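Asks: Here you go, sequence then predicted model.
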2 protein chains.
Amino acid sequence: MSEVQSIAIVGGTHGNELTGIQLVRHLQNSPTPYSDNFILSFILANAEAIAANVRFIDVDLNRQFHLDNLKSSNSMLYELNLAKILNQKIGPKHSPLTDLVIDIHNTTSAMGPTLIVLEDSDFYREMARYLKQHMPEANILLEDEVPYQEHPYLCTVGKRGIMLELGAQPQGVSRSDIFTQCQSMLQIILDYVDLHNKQALPSSEPVTTYRFGEVVLFPMDEENQILGLVHPNLLDGDFQPVKINEPIFAMFDGSELLFKGDKTIYPHFVNEAAYKQSNVAFSTADKFMW
Amino acid sequence: MSEVQSIAIVGGTHGNELTGIQLVRHLQNSPTPYSDNFILSFILANAEAIAANVRFIDVDLNRQFHLDNLKSSNSMLYELNLAKILNQKIGPKHSPLTDLVIDIHNTTSAMGPTLIVLEDSDFYREMARYLKQHMPEANILLEDEVPYQEHPYLCTVGKRGIMLELGAQPQGVSRSDIFTQCQSMLQIILDYVDLHNKQALPSSEPVTTYRFGEVVLFPMDEENQILGLVHPNLLDGDFQPVKINEPIFAMFDGSELLFKGDKTIYPHFVNEAAYKQSNVAFSTADKFMW
């Protein structure tokens, strides 16, 4: 496992997710630890969206980091061009200067502090274990349905990349408890990298991990109007199991829609505001010990 | 007390507050009670904002119903013209056709189901008492700092007007539990009006009521950057008392800012996302028995 010498800490990839924006601003003005062990850079990714207090101006910045996108010619879309600038600054994706990108997000879902990892490797597994050991309330979400480099996420322009996802927090709101939680989570991740570099990691135990499955859409009529809402049982507790034949939607007509899959699922990104335009109600996951 | 013969039920005054929008759509397609006792009309106020899933297009529709605004000439601002159209349809404010306007809102604040009343009169007081009797978890908020007609709110184009404010719910999200709560709350209000018309109201008891005081801004530096967040003690429990010298802000530097007023306050609209652009952290209230 190679040493991590440069780390980019990113906030404001989505301009209305305030925790990362405020934490990056705060850290830019604070003395930071580990200056001898690795170079930390702080980035506010989408300045225009931050100023406008919106997720994005034209398109979702955090879906523009496909290798093909980054090679394409200039675009009229603000975030497509911004992705290329950030790719030059932090990446480039095919041959990154930055060893680790930590991209901080908020969600309107009750996911607590969640570490999102995009690849099943020793480095990330040990990070997950170390985090969980020092922050038992953290959740680990592994999205490895495609290879690391094929993800469209900003953090993948780094040699390694992770997302910190903190919720529930409405867009445009900053909760002090979540800000503090994010500070702690980031510190634990940096502690982990420090120990990793020094080859001084303590022994670790397997951790409960959720692996992304698929997205579930709202029930809709032929005119694309939704017919119901996520069932109360699924609110305020992402990653809680839902078994076959348990209700997942409360319909406006008073009936319930039951889950008709073939195994227990662990819903997350439940009622994420940003996914409403795609009619996504929640994502599913499997659970395993990593 | 005169009879209430016509009621307008309004959703989507703010296009990203989904409960009212979905409830109005649902009621438009449902058989409604009381058809003999009063005429119900259903209105989705800001169609453009609803379609765009934003609070407003140009300006906040729910601040455009000053009498002066409604008399002014045509404007480039979408909501200013829309206010005039709605005023003709539901009002007009100086001589209303509609006896009662019920305008449904959501807030990102943990205000629970709150009835907002703009005038201290028998009709509203008895409504508050009846609601609280049938929905003990409801809160009553009286905003009578100016006379009823001087408020800029949409509901004031009715002879009488109230707002139902339900939270906490992020903008662009619809929670099934809050939808159900709103349905119940609206039903209780309609039951009250029915009994009022029949002069068949049961005897009532005084209810705890909060009276709007003032808005409290975030602490800011000279460059208008906020220096801290609403203290964790004030989260998830609007209308809980804050006493003199109790902390109200958690500063980014780790310190706390204490409340330096001269009497206990009851914060509400805590961390309302829509008020962030005005740097409003929360509103204060007094408590009294009404």
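Replies: Looks like it arrived, so ask away.
Asks: secondary structure element for A:P170?
Replies: For A:P170, there is no host helix or strand (DSSP states H and E).
Asks: Actually, A:C182.
Replies: With DSSP H and E as criterion, A:C182 is part of helix A:176-197.
Asks: I'd like the distance from that helix to the chain centre, please.
Replies: Mean-position distance between helix A:176-197 and its chain equals 15 Å (Cα atoms, centre = their mean, to the nearest Å).
Asks: before we move on, what about stretch A:197-208?
Replies: Per Cα atoms, centre = their mean, the centroid offset for stretch A:197-208 relative to its chain is 22 Å.
Asks: got the end-to-end distance for it?
Replies: 25 Å (Cα to Cα, to the nearest Å).
Asks: need the helices for the stretch 1-150 of chain A, in chain order.
Replies: A:18-28, A:47-52, A:67-71, A:78-90, A:122-134 (DSSP state H, counting those that start in this stretch).
Asks: ok, A:A200 - how many residues close by?
Replies: For A:A200, the tally of surrounding residues (other Cβ atoms under 10 Å in any protein chain shown) stands at 8. Using the backbone N, CA and C atoms, a C-beta is placed for each residue, glycine as well.
Asks: circling back to that earlier point, mind checking the pLDDT average for the helix holding A:C182?
Replies: The average pLDDT within helix A:176-197 is 97.
Asks: Show me what that helix is packed up against.
Replies: Applying 3 or more Cβ pairs under 8 Å, 6 or more residues apart in numbering or on different chains; DSSP states H and E, one finds that helix A:176-197 contacts strand A:6-11, helix A:18-28, strand A:100-106, strand A:112-117, helix A:122-134, strand A:160-167, strand B:228-230, strand B:247-251.
Asks: and if we set it to 6 Å?
Replies: The helices and strands touching helix A:176-197, judged by 3 or more Cβ pairs under 6 Å, 6 or more residues apart in numbering or on different chains; DSSP states H and E, are helix A:18-28, helix A:122-134, strand A:160-167.
Asks: ok now the shortest one, how far from the chain's centre?
Replies: Read it as strand A:160-167. Per Cα atoms, centre = their mean, the centroid offset for strand A:160-167 relative to its chain is 4 Å.
Asks: Could you list the buried residues of the helix holding A:C182?
Replies: For helix A:176-197, the neighbour count (16 or more other Cβ atoms under 10 Å in any protein chain shown) marks A:176-183, A:185-186, A:188-190, A:192-194, A:196-197 as buried.
Asks: How about the residues of the stretch 51-200 of chain A by chain B?
Replies: Residues of the stretch 51-200 of chain A found near chain B (Cβ under 6 Å from any Cβ of the partner chain) are A:T108, A:P170, A:G172, A:V173, A:S174, A:S176, A:D177, A:F179.
Asks: In JSON lines: the helices and strands packed on helix A:176-197, plus distance to B:A51, mean pLDDT and mean neighbour count.
Replies: Shown next, in JSON lines, are the helices and strands packed on helix A:176-197 (distance: least, Cβ to Cβ, whole Å; pLDDT from 0 to 100; neighbours: other Cβ atoms under 10 Å in any protein chain shown):
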{"stretch": "helix A:18-28", "distance to B:A51": "26", "mean pLDDT": "96", "mean neighbour count": "21"}
{"stretch": "helix A:122-134", "distance to B:A51": "41", "mean pLDDT": "98", "mean neighbour count": "19"}
{"stretch": "strand A:160-167", "distance to B:A51": "26", "mean pLDDT": "98", "mean neighbour count": "26"}
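Asks: circling back to that earlier point, nearest to A:L82, out of the residues of the stretch 51-200 of chain A next to chain B: which one, please.
Replies: A:G172 (20.6 Å; Cβ to Cβ).
Asks: quick one: which helix or strand includes the closest residue to A:L142 other than its chain neighbours?
Replies: For A:L142, ignoring the flanking residues on the chain, the nearest one in space by Cβ to Cβ, 6 or more residues apart in numbering or on different chains is A:R211 at 4.8 Å. Using DSSP H and E, A:R211 falls within strand A:208-217.
Asks: of all of the stretch 1-150 of chain A, which residue lies closest to chain B?
Replies: A:T108 (4.2 Å; Cβ to the nearest Cβ).
Asks: Could I get the pLDDT score of that residue?
Replies: For A:T108, the predicted pLDDT is 98.
Asks: So A:S30 versus B:A250, what's the distance?
Replies: The gap separating A:S30 from B:A250 is 16 Å, by Cβ to Cβ, to the nearest Å.
Asks: Equivalent analysis for A:D144, please.
Replies: For A:D144 relative to B:A250 (Cβ to Cβ), the value is 37 Å.
Asks: Compare those two (neighbour count), which wins?
Replies: B:A250 (22 against 15).
Asks: My guess is the more buried one contacts B:H231. True?
Replies: Yes - shown here, B:A250 and B:H231 form a contact pair, counting by Cβ atoms under 6 Å, at 4.9 Å.
Asks: The residue nearest to A:M251 when sequence neighbours are not counted: neighbouring residues, count only.
Replies: Spatially, and ignoring its direct neighbours in sequence, A:M251 is nearest to A:G228 (3.6 Å; Cβ to Cβ, 6+ apart). Using other Cβ under 10 Å, A:G228 has 23 neighbouring residues.
Asks: Same question for the one 3 residues further on.
Replies: The number of residues packed around A:H231, counting by other Cβ under 10 Å, is 23.
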